[in-house]
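# Using only what follows, build the 3D model:
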Amino acid sequence: MHESAPATPFAEAFERIVRAIPHEPAFRAIEIVTSSIRPGRTSALTVMVDREGGVDIATCERIAARINVALDAFPDEYTLEVSSAGVDRPLVREADYDRFSGRNAKIVTTLAIGNAKTHRGVLGGLRGSNVILHTGAKAENELPIPLTAIKSANLEYDIRADLQRAKREKKN
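Residues are numbered from 1 along each chain as shown. Predicted coordinates:
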């Protein structure tokens, strides 16, 4: 997901470097989840990144340094925030719903589906133009949610499952 501001040489340079980062050898495994520019006297630049196994602070710092080097040639004032997608990673592309199938998610819709706008369950991937969300204790409880009705969606971290897994591992 990329929110764009009016095209200026500064904004174009920011967009170009953000698109290029995953293709650079030092950042080959990095995925750009979202990026945005909020223009103003001091532009606010944000980049959210992810990779298999997560992103640490040092990686965010290296990405920020790479972006700063690329923007040094511009006189524009800006702030830059590079962050990890974290455990509650937003689902922004259609492919995310298949990629994270089997994981807990929260989906907020623009219209009520089944008398609710907030839905929690286990992602079942995409079926046509619907995201399948398994709700309730029975896996056959499927809630199809049209992609066009999704306002926001993100993974949800289940600490109980994590604690149970750690307990099992410790026992073995």
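# part of a helix, is residue 34?
No: residue state for residue 34 (DSSP: H, G, I helix; E, B strand; the rest coil) corresponds to strand; a helix is not indicated.
# count of residues packed around it?
Residues lying near residue 34 (other C-beta atoms under 10 Å) number 17. For the C-beta atoms, the positions are set from N, CA and C on the backbone; glycine is no exception.
# and the gap between it and residue 41?
23 Å (C-beta to C-beta, to the nearest Å).
# how many neighbours does the closest residue to residue 158 other than its chain neighbours have?
Of all residues not flanking residue 158 in the chain, residue 104 sits nearest, at 5.2 Å (C-beta to C-beta, 6 or more residues apart in numbering). Residues near residue 104, counting by other C-beta under 10 Å, number 17.
# Name whatever forms a beta bridge with residue 104.
residue 122 (DSSP bridges).
# Now for it: which residues touch it?
Listed by C-beta atoms under 8 Å, 6 or more residues apart in numbering, the contact set of residue 104 reads 120-123, 155-158.
# Can you check these and name whichever has the most neighbours?
Neighbour-wise, the contacts of residue 104 (other C-beta under 10 Å) top out at residue 123, 23 neighbours.
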